[in-house]
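>>> what shape does this take:
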Amino acid sequence: MTDIQSMANAIRFTALDSILNAGEGHQGVPLGMAEIAATLYARHLKVDPKDPLWPDRDRVVLSNGHGSMLLYSLLHLAGYAHVSTDALKSFRKLGSVCAGHPEIEQEAGIELTTGLLGQGIACSVGMAVAEARLAAQFGAGLVDHRTWAFVGDGCLQEGVGHEAISLAGHLQLGKLTFLWDDNHITDDGTTDLSISEDVPARFRAANWHVQDVDGHDIEAISAAIDAAKADPRPSLIACRTVIARGIPRLQGQRGGHSAPLTSADSDEARALLNWDHAPFDLPENVRQDWAACMERGTQAHAAWQSRIDGHASAAVFHQWTSGTLPNDWAATMQGITADQASVRTPRPTIQSSGEICDALVQTLPDTLVLCADLEAPTNHKRSRTAFDASDRSGSYVHCGVREHLMGSMCDGIAAHRGLRPVNVTYLAFADYERPAMRMAAVMGLPALFVFSHDSIGVGSNGPTHQPVEILASFRAMPNMKVFRPADAVETAEAWALAMEATDGPSLFALSRQPADQVRDTCPDNLTARGAYVLHEADGARDITLMASGTEVGLAVAARQALVEMGIQAAVVSMPCWELFDAQDAEYRARVIGTAPRIGIEAAMKFGWERWLQEGDHFIGMNGFGASDQSAKLYEHFGITVAAIVQSARSMTQKPALT
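Numbering: from 1, shown residues only. Here you go, the predicted model:
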């Protein structure tokens, strides 16, 4: 008979030994949640450590990521090869798979990077949505797994946590279970320092299935998990626990969270729990119990493999889960780009993006669009149907006014694999999503964040909705590609690049104001270069006009006026600085040239110093916007053709031709 209590104590001492060896760590979670985790793994979890990437595995998210040694202990004991004893001994060391907080390494069983409290449970909502959507597409024979999240008090106090509770309940994500470490302790002390509400009542109000159990009673925990699996609603199991259980000096105390451990703590814990084994020494009977419990998942995997072998949808399933683009992808995008180029009248780039997104419904049925209560102004639903509690086959999720959650859901969907998440809202709300976008960049997840209303072109909604500083802030973020396309063609090219990306997220800053159609189609994706010469000077350059977004149209008009004055101007479109910076030095020098330069963008100058030299000019914003119509604001802030011409003339010292 499996001794789950000994399996739990194996978690405790694997974590305790690793933390002592490292000299630091957070022991409260692994020691307090040991029975919860051991019960889940021993009786309920469906994973195969021999093939950590099996698509139909259960997903386990450690949302309280500071307790990372809980996850590493579980993975080590379950037999994940990457989390060896040597890996445990390298905990918190450079290059270790056992980092201070979990860092995504799915081949090692680490599904997500977590640590920012609340992000893990929000991502887990995205994972549950992904499972439900894929199950609707391919059937329960190929997709039938659950998402489990270990949750701490901090995760439920963060605002994104409440958004996660609310939408998961509304969508009735019945395969999502939160295992709450209800230990009444945070880093500052007891939870009554800062919270007095009935937390389970919040879940009940959001239509969750809620149970309260003793978090150290293995049979009660297992029964609660069985009940959670049987209920069609998402489930919260509130597990009343003792933080750092097993260490007499610290259990149930504030210091149990992460106070430095001593060898005496280890000795006393071993004596209290009758664990008469040396550090990192696992008794053979306990090791065999862990191996036997994991055999359940190995057998489930084998049964799944027999179902998918020869399955009519096997090829499509593998294409979706691998993220492979269809064979006719290049031709499809060339056709979509040509269609966009054929319409020469000015129109907002958010409109063009919506048209492109809709054109990809059949080509990329694995796209899943998430939008924050802005269906009409962003216009990315169109022919898509809604994913909701009654129909999981839709490819559009109405997220309500929950941008914090929506961004994190995109991370969870991308990390789950099988779908291409597309996040749609206004650029001013990108700061609500910044933690999730940062985590997407950290994890290298290919999520697409589409933002409309990119500048003062928003107009009379005023400075609250005019994101003059946000482009610079996201351009400063490593591994984030920021696209601000000039017109419909560049928007189509950006879509192609975002869908082809595999190693990080993309941000689209799109216009509400009409964009002049400055491009025709060509065989090459010019946006892939990041910047390129849209119009070269007729002869040696006198001036180079560099712009992004709708300001490229202003630069083109200014060039024409300058040519008539005898000033030879080139126009450089700069839709993606990150891609331009990745080009070789010779190409960058050829594009920018040696003539004086003017940077033009309806945003702050910050960052333009990379492309401008001393004495060059910048035409854009130097503060927040104002409330009026778009055209009047561009005039008021001096972002006009006339201002560009005047600046160029002053730099070239050439009078106008008479």
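>>> give the contact list for the residue nearest to L20 when sequence neighbours are not counted.
Leaving aside its sequence neighbours, L20 sits nearest to L261 (CB to CB, 6 or more residues apart in numbering; 5.2 Å). For glycine as for every other residue, the C-beta is placed from the backbone atoms N, C-alpha and C. When contacts are counted by CB atoms under 8 Å, 6 or more residues apart in numbering, L261 is found next to 16, 19-20, 27, 247.
>>> among those, who's most crowded?
The most crowded member of the contacts of L261, judged by other CB atoms under 10 Å, is Q27 (32 neighbours).
>>> ok, that one to T113 distance?
Using CB to CB, to the nearest Å, we find Q27 at a distance of 21 Å from T113.
>>> same question, Q253
Separation of Q253 from T113 (CB to CB): 29 Å.
>>> got it, and L497?
For L497 relative to T113 (CB to CB), the value is 24 Å.
>>> so which of those two has more stuff around it?
Higher neighbour count among L497 and T113: T113, with 24 against 21, using other CB under 10 Å.
>>> ok, the more buried one - contacts?
T113 touches 65, 101-104, 439, 442-443, counting by CB under 8 Å, 6+ apart.
>>> where does it land in three-state SS?
Secondary structure, DSSP: H, G, I helix; E, B strand; the rest coil: T113 is coil.
>>> roughly how far apart are it and I19?
With CB to CB as the criterion, T113 and I19 are 20 Å apart.
>>> with G120 instead?
20 Å.
>>> what's the answer for M333, then?
According to CB to CB, M333 and I19 sit 51 Å apart.
>>> assign G625 to helix, strand or coil.
coil.
>>> and it, how many neighbours does it have?
For G625, using other CB under 10 Å, the count is 23.
>>> test my guess that it contacts H636.
No: at 9.2 Å, G625 does not count as touching H636 under the criterion of CB atoms under 8 Å.
>>> kindly indicate which of the contacts of L261 lies nearest A228.
Relative to A228, the closest of the contacts of L261 is Q27; by CB to CB it sits at 27.3 Å.
>>> ok, the closest one - contacts?
Residues counted as contacts of Q27 (CB under 8 Å, 6+ apart) are 15-16, 19, 69, 244, 247, 250, 256, 258, 261.
>>> got the phi/psi numbers for the residue nearest to L20?
With angles defined as degrees, to the nearest 10, L261 sits at phi -90, psi 160.
>>> same check, this time on the one 4 residues further on
As for D265, its main-chain torsions (degrees, to the nearest 10) stand at phi -60, psi -40.
>>> for L534, same thing?
Main-chain dihedrals, L534, degrees, to the nearest 10: phi -80, psi -40.
>>> doesn't V518 make contact with it?
Yes: contact criterion CB under 8 Å: L534 and V518 qualify, at 6.3 Å.
>>> rewinding a little: restricted to helices, list the contacts of T113.
Secondary structure assignment by DSSP state H places 439, 442-443 of the contacts of T113 in helices.
>>> might one say that K175 is in contact with E131?
Yes: assessed by CB under 8 Å, K175 is found in contact with E131 at 6.0 Å.
>>> the residue nearest to S408 when sequence neighbours are not counted: neighbour count?
Leaving out its chain neighbours, the residue that sits closest to S408 by CB to CB, 6+ apart is A122, at 3.3 Å. Using other CB under 10 Å, the number of residues around A122 comes to 34.
>>> surely A122 is within a helix?
Yes: assessed with three-state DSSP, A122 lies in a helix.
>>> ok, Y634 touching T640?
Yes: here Y634 reaches T640: they are 6.0 Å apart, a contact under CB under 8 Å.
>>> comparing those two, which residue is more hemmed in?
Y634 (23 against 17).
>>> what about that one, which helix or strand?
Assigned by DSSP states H and E, Y634 falls within helix 630-636.
>>> next structured bit after that helix?
Where DSSP H and E defines the elements, the next helix or strand beyond helix 630-636 is helix 641-652.
>>> could I get the contacts of T113 as CSV with neighbour count, pLDDT and distance to A595?
As requested, the contacts of T113 are exported to CSV (neighbours: other CB atoms under 10 Å; pLDDT from 0 to 100; distance: CB to CB, whole Å):
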residue, neighbour count, pLDDT, distance to A595
G65, 27, 97, 51
H101, 17, 98, 49
P102, 29, 98, 51
E103, 19, 98, 46
I104, 17, 98, 46
M439, 26, 98, 42
V442, 20, 98, 39
M443, 21, 98, 42
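>>> of the residues you listed, which is the nearest to D144?
I104 (23.7 Å).
>>> OK, contacts around the closest one?
110-113, 415, 443-444.
>>> same check on S393?
S393 is in contact with 133, 136-137, 385, 387, counting by CB under 8 Å, 6+ apart.
>>> show me those that map onto helices.
133, 136-137.
>>> which among these end up buried?
133, 137 (16 or more other CB atoms under 10 Å).
>>> and the ones in helices among the contacts of S393, which is closest to P514?
If you rank those by distance to P514 using CB to CB, R133 comes first, at 34.9 Å.
>>> before we move on, the earlier item: neighbour count: K175 and E131, which is higher?
Neighbour totals were compared for K175 and E131, and E131 leads with 26 against 21 (other CB under 10 Å).
>>> is that one in a helix, a strand, or coil?
The three-state label given to E131 by three-state DSSP is helix.
>>> you'd agree it is up against H416?
Yes: if you go by CB under 8 Å, E131 and H416 touch, sitting 7.0 Å apart.
>>> what do the two both touch?
R59.
>>> who are the contact partners of A494?
483, 485, 506, 508, 527, 575-576.
>>> recalculate using a threshold of 7 Å.
Contacts for A494 (CB atoms under 7 Å, 6 or more residues apart in numbering) come out as 483, 485, 508, 527, 575.
>>> pull out the buried positions in the longest helix along the chain.
Longest helix in the chain, counting residues (DSSP H): helix 284-308. Under the neighbour-count criterion of 16+ other CB under 10 Å, helix 284-308 has 286, 289-290, 293-294, 296-298, 300-301, 304, 308 buried.
>>> which one among those residues gets closest to T321?
Distance to T321, by CB to CB, is smallest for I308 among those, at 10.6 Å.
>>> just the pLDDT for the closest one.
Looking at I308, its pLDDT reads 98.
>>> for it, give me its contacts.
Counting by CB under 7 Å, 6+ apart, I308 touches 142, 314, 317.
>>> and the residue lying closest to the second one once chain neighbours are set aside, how far is that from A300?
Computed as CB to CB, 6+ apart, the closest residue to A314 that is not its neighbour in sequence is I308, at 5.2 Å. Summarising the geometry, the distance separating I308 from A300, computed by CB to CB, is 13 Å.
>>> again with D366
To A300, D366 is 24 Å away according to CB to CB.
>>> go on, A428?
According to CB to CB, A428 and A300 sit 46 Å apart.
>>> over to L445?
For L445, the distance to A300 - CB to CB - is 27 Å.
>>> residue contacts, A537?
568-570.
>>> by neighbours, which of those residues wins?
A569 (28 neighbours).
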